[in-house]
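1. Predicted coordinates and the sequence they were generated for:
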Amino acid sequence: MDSESLACSSVEKDLTRVVSKLEQLHENAEADIGDIATQMSELVEVLSRAEQLVTTLNSSTQVSQDDPMGDAVSMQVETEPTAPQRLTERQVESVRNALARCHERVQKLSTEHRDLHGSISKIGKAIDRNFSADFSSTMRVDVLQDEENLMLLNKAIAKHYCRQGMDDVARTLIRECKMSPEHAQDVFDSEREFADIYGIWVKIQKRDLTDALKWAKMYSQQLSDRHSLIEFRLHRMRFMQLVSYGLDSQREAISYARLNFKKFAVRYEHEIANLMASFIYLPSGLENSPYKHFLGQEKWTELSFIFLKDACQLLGISKNSALSVVVNAGCTALPALLNIKQVMQSRQVLGMWNGCDELPIEIDLQPEFRFHSIFACPILRQQTSEDNPPKKLTCGHVISNDALHKLSVGHILKCPYCPVEQNAEEAVRIYF
Amino acid sequence: MSSPSAGKRRMDNDVIKLIESKHEVTILGGLNEFHVKFFGPTETPYEGGVWKVRVYLPDNYPFKSPSIGFVNKIYHPNIDESSGTVCLDVINQAWTALYDLSNIFESFLPQLLTYPNPVDPLNRDAAALYLHEPEEYHRKVADYVQRYATEDALRAAQQERESSDSESSMSDYSEDEARDMEL
């Protein structure tokens, strides 16, 4: 974590420097371009005045045609120089100076801009230095050569889009990767159940328990078998909602309690008694009572997440999309894998890496990434299996069967954890 | 009955884990034989010394303890002066299959250098000195550190060896960076 934030701050520092240079250049350019625009305007004025002068001269010539010596004057006009040469020396100097100044400014901007290229490429170097661009050592590129695997990946992505409510995007993906109809059907079928639960979840957060209560009633037996709290929690919240409406709803609240709390009387006796006492506070309002925490939004949010968890659990649905779980776990694991990138380049290790279904290092994932109970033998450092089951020693410590046999000398086993010596055959298999 | 590859996988994982724990590891032929840079523990006469420690993992690892030896000279009752081998009994008593290799360099060796066991010596002279003339023992240890266990001495020995064989360093850390690491 330290090295990562250090890397980020290092790149950020260089980036900040370049951004401030760009801002400076932008200000300078703005000022310079303003100057150039002003000079161009002045130049236009000068040329405009010159043009008027030429027009005046032409007009004079026209008038002079009426003179007795008309022919001679007309001949003279034909041989006169072109208009630009009629500009005064001062005007020519103005034009020349304006152009020179513009050129100078543009040249300066160009130089400053070119200098920035060096700074910008420094950003690239800083990123290369602080971050890894090559993840090939942590990848199994061959995995996606398999059409079946590629299909599974597309399916996971499509399901993720459905989770985000982007069904049209999922459909486009399915069409473009030519997913078979049965797989496509599976995507929408499996996500439809979650969509229903998600809809109820949203409504709970909006303090509407109608659908949630209906759902809980439908699955009441299964929820009870799992010792789920959600059904009672929903009824409790609905009851308190009615009480919070004031004296006008008192009768309705009492009826609700009588109808719905009966089945919970044994398990939640004390809590129900506490809830019924809330009527005492009706005249002065729940806002000034020990029950005021039921009025806050956090209570509803908490309830919605309990519902989401229990509902997904009961229906066997993952709360998060498979893709988001995998990506999040991967982001956690990636720094550790890059950390031993050097080792991956060793031939022996690379061979092992490709051949096994386990990582060569431990990666600490948070509890939310743990879905199954497993036991890893502390001696062999690998997960136990049917072929190599966990064994509990008489002293209570657990190791794998293979390790047990390796550690035994005849029938005598000395526990690796504690001094207890014992008969190896007395170890018993355990199940997780 | 047992899987023949189980210990091998454990061995590979342990070496990788040792490298990951930022010890400077140099792999020799296979993953079962390597050198590790080891720094003398503080508040001992070995402080300031740096040694290259050779580790050999037997086929029966982790059920049999690894073999450990100091490549450059060290003066210690339980370490053979000529070969640098650490006393087998001492290792065997301390070793358990639960150990990581990093335990060797973070617990076992620092403890061994800090608290020698003169009752079962490999270096009898060192053991006698330790027991009867502790001040002289300290001076001699410090002298050996100065002569054989400095970065310069290590580099010199490295250059001699490189002319005869080759080895690859799996560590990202240069010697200067390694010096800054905390034990």
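-> Right, received. Where do you want to start?
2. Now residue B:94. Nearest residue, chain neighbours left out?
-> Closest residue to residue B:94 apart from its sequence neighbours, by C-beta to C-beta, 6 or more residues apart in numbering or on different chains: residue B:108 at 5.4 Å. C-betas here are computed from N, CA, C, even on glycine.
3. Around that neighbour, count how many other residues there are.
-> 19 (other C-beta atoms under 10 Å in any protein chain shown).
4. unless I'm mixing things up, residue A:391 is touching residue A:400, no?
-> Yes: Residue A:391 lies in contact with residue A:400 (C-beta atoms under 8 Å); the separation is 7.0 Å.
5. Neighbour count for those two, which is higher?
-> Applying other C-beta under 10 Å to residue A:391 and residue A:400 shows that residue A:400 carries more neighbours, namely 27 against 23.
6. ok, so what distance separates the more buried one from residue A:411?
-> 18 Å (C-beta to C-beta, to the nearest Å).
7. what's the spacing between the residue positioned nearest the centre of chain B and chain A?
-> With the centre of chain B defined as its mean C-alpha position, the nearest residue by C-alpha atoms, centre = their mean is residue B:53, 3.4 Å away. Distance of residue B:53 to chain A, computed by C-beta to the nearest C-beta, to the nearest Å: 19 Å.
8. can I assume that residue sits in a strand?
-> Yes: according to DSSP: H, G, I helix; E, B strand; the rest coil, residue B:53 belongs to a strand.
9. in chain A, which spans are strands?
-> A:390-392, A:398-400, A:412-414, A:421-423, A:428-429 (DSSP state E).
10. Mean neighbour count, those strands: which tops it?
-> Highest mean neighbour count among the strands of chain A (mean count of other C-beta atoms under 10 Å in any protein chain shown): strand A:398-400, with a mean of 23.
11. What pairs with that strand, parallel or antiparallel?
-> strand A:390-392 (antiparallel) (DSSP bridges).
12. residues in contact with the strand it pairs with?
-> Contact with strand A:390-392 is made by A:375, A:377, A:384, A:398-401, A:404, A:427-430, A:432, as judged by C-beta atoms under 8 Å, 6 or more residues apart in numbering or on different chains.
13. mean confidence for stretch B:51-60?
-> Averaging pLDDT along stretch B:51-60 gives 87.
14. Check stretch A:114-131 too.
-> 79.
15. anything in that stretch near chain B?
-> No: judged by C-beta under 8 Å from any C-beta of the partner chain, stretch A:114-131 stays clear of chain B, getting no closer than 13.3 Å.
16. which residues sit against that stretch?
-> Contacts of stretch A:114-131 (C-beta under 8 Å, 6+ apart): A:6-8, A:10-11, A:14-15, A:17-18, A:21-22, A:25.
17. redo that, cut-off 10 Å
-> Residues from elsewhere that reach stretch A:114-131, judged by C-beta atoms under 10 Å, 6 or more residues apart in numbering or on different chains: A:3-4, A:6-15, A:17-19, A:21-22, A:24-25, A:133, A:338.
18. same check, this time on stretch A:181-197
-> A:151-152, A:154-163, A:165, A:167, A:170-171, A:173-175, A:177-180, A:198, A:201, A:211-212, A:215, A:307-308, A:310-312, A:314-319, A:321.
19. again, 7 Å this time
-> Outside stretch A:181-197, the residues that touch it by C-beta atoms under 7 Å, 6 or more residues apart in numbering or on different chains are A:151, A:155, A:158-159, A:162-163, A:170, A:174, A:308, A:311-312, A:315, A:317.
20. you'd agree residue B:38 is in a strand?
-> Yes: counting by three-state DSSP, residue B:38 is located in a strand.
21. Verify the contact between it and residue B:51 for me.
-> Yes: Residue B:38 is in contact with residue B:51 according to C-beta atoms under 7 Å; the separation is 4.9 Å.
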